[in-house]
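A.B. asks: turn this into a structure:
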Amino acid sequence: MQQFFVDMKSRLLLSFLALLLLTLSCRENLKEGNVSIKIRHSVNGRLLVTDTLCYVNEAGNPFMVTEIQWFLSDIALQDNLGHWHAVRHQNATDVATEDIFYVDTNIEESQTLISESLPSGHYQALRFTFGLDEAHNQTGLFMNPPESNMFWPEPLGGGYHYMKLNGRFADPTGNLVPLNIHLGIGQDATGFIQNYFGVTKPVDFTLEEGTNDVFLTMVIDNWFRSPNVYDFNIYGPAIMQNQEAQALLKENGHDVFQISVP
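C.D. replies: Prediction:
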């Protein structure tokens, strides 16, 4: 009987060691990599040229862009099994903002978003929120510039701009007029209106060990094209308190973003 218990203990020990070795082996086979999302801005199929009156929108308004600042948040990648993996800042130290990314055409380093480690493998979709949802868009979330400079006035709903697209356009007399496409919380007779929106795009790439590049392009001219032809002369140079204009631009946002993988 004693020998029986000895044999059982030996078998249990061998089984435990085998399971431990299998677990360690599986862990060694789990590989990870980082995603480097490179942000680009284009007009008419070419990379944006700032400070030059060289563009004409769908309504026939000549315009130029001087700068663009905007937020995207809640980025995630979908694997082949349909599981979504959150894309967060590499080495993020602030949990409240680890899934919010600020992009600024005046700050080169802001135009590359490097994620923390993600499981290697094939991915089939990328999604994100343009702007900030109600959970994120809280006054005081950002204490320092440049993000803090994106504040949205409290009487207009508080929180932060989703985007500042600044420039100039030529009015019917040929005079250059300031162009401030500032998107954020809107309001009408019923109260405040959330104008952020979700974007989901198919991708086809395999994430490997190391850093993997994905290009996200904002097609600026599509803001003003479809389904609404957006005329600067009608909606004027500033739209922060113009929910009609905000709503039109939100609808036009359906095809503003393009994804590509080298």
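A.B. asks: show me the contacts for residue 194.
C.D. replies: 133-134, 185 (CB atoms under 8 Å, 6 or more residues apart in numbering). Backbone N, C-alpha and C define where each C-beta goes, glycine included.
A.B. asks: list the residues that contact the residue nearest the centre of the chain.
C.D. replies: Centroid-nearest residue in the chain: residue 72, 3.0 Å away (criterion: CA atoms, centre = their mean). Residues in contact with residue 72 (CB under 8 Å, 6+ apart) are 100-101, 103, 128-131.
A.B. asks: from those, pick the one nearest residue 46.
C.D. replies: Closest to residue 46 out of the contacts of residue 72 is residue 103 (18.8 Å), distances taken as CB to CB.
A.B. asks: and for the closest one, the neighbour number?
C.D. replies: Neighbours of residue 103 under the rule other CB atoms under 10 Å: 20.
A.B. asks: can you list contacts of stretch 175-185?
C.D. replies: 53, 63-64, 131, 137, 152, 156-171, 192-195, 223, 232, 237-240, 246, 249-250.
A.B. asks: buried ones in that stretch?
C.D. replies: 177, 179, 181-185 (16 or more other CB atoms under 10 Å).
A.B. asks: looking at those, spot the one nearest residue 31.
C.D. replies: For the buried residues of stretch 175-185, the nearest to residue 31 is residue 183 (39.3 Å; CB to CB).
A.B. asks: rewinding a little: which one (most neighbours) among the contacts of residue 72?
C.D. replies: Neighbour-wise, the contacts of residue 72 (other CB under 10 Å) top out at residue 131, 26 neighbours.
A.B. asks: surely that residue and residue 163 touch.
C.D. replies: Yes. The pair residue 131 / residue 163 is scored as a contact, 7.1 Å apart, by CB atoms under 8 Å.
A.B. asks: mutual contacts of the two, please.
C.D. replies: 70-71, 183-184.
A.B. asks: in JSON lines, list those along with distance to residue 227, secondary structure and pLDDT.
C.D. replies: Formatted as JSON lines, the shared contacts of residue 131 and residue 163 follow (distance: CB to CB, whole Å; DSSP: H, G, I helix; E, B strand; the rest coil; pLDDT from 0 to 100):
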{"residue": "70", "distance to residue 227": "22", "secondary structure": "strand", "pLDDT": "98"}
{"residue": "71", "distance to residue 227": "24", "secondary structure": "strand", "pLDDT": "98"}
{"residue": "183", "distance to residue 227": "17", "secondary structure": "strand", "pLDDT": "98"}
{"residue": "184", "distance to residue 227": "22", "secondary structure": "coil", "pLDDT": "98"}
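A.B. asks: columns distance to residue 112 on top of those residues, output as CSV?
C.D. replies: Shown next, in CSV, are those (distance: CB to CB, whole Å):
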residue, distance to residue 112
70, 15
71, 16
183, 23
184, 25
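A.B. asks: out of those residues, which comes closest to residue 218?
C.D. replies: residue 70 (7.8 Å).
A.B. asks: distance of the closest one relative to residue 246?
C.D. replies: In this structure, residue 70 and residue 246 are 14 Å apart, going by CB to CB, to the nearest Å.
A.B. asks: residue 151 too?
C.D. replies: Counting by CB to CB, the gap from residue 151 to residue 246 is 17 Å.
A.B. asks: more neighbours: the two, which one.
C.D. replies: Counting neighbours by other CB under 10 Å for residue 151 and for residue 246 shows that residue 246 has the greater number, 23 against 16.
A.B. asks: doesn't residue 188 make contact with that one?
C.D. replies: No. Counting by CB under 8 Å, residue 246 sits too far from residue 188 to count as a contact (10.0 Å).
A.B. asks: for the record, mean pLDDT for stretch 247-254?
C.D. replies: For stretch 247-254, mean pLDDT rounds to 98.
A.B. asks: can I get that stretch in CSV? Just the C-alpha atoms.
C.D. replies: Extracted in CSV, the C-alpha atoms of stretch 247-254 (Å, rounded to 0.1, in the frame of the first residue of the first chain):
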residue,chain,number,x,y,z
ALA,A,247,-23.9,68.0,-37.9
LEU,A,248,-23.1,68.3,-41.6
LEU,A,249,-19.4,67.8,-41.0
LYS,A,250,-20.1,64.9,-38.7
GLU,A,251,-22.1,63.2,-41.5
ASN,A,252,-19.3,63.9,-44.0
GLY,A,253,-16.8,62.2,-41.7
HIS,A,254,-17.9,58.8,-42.9
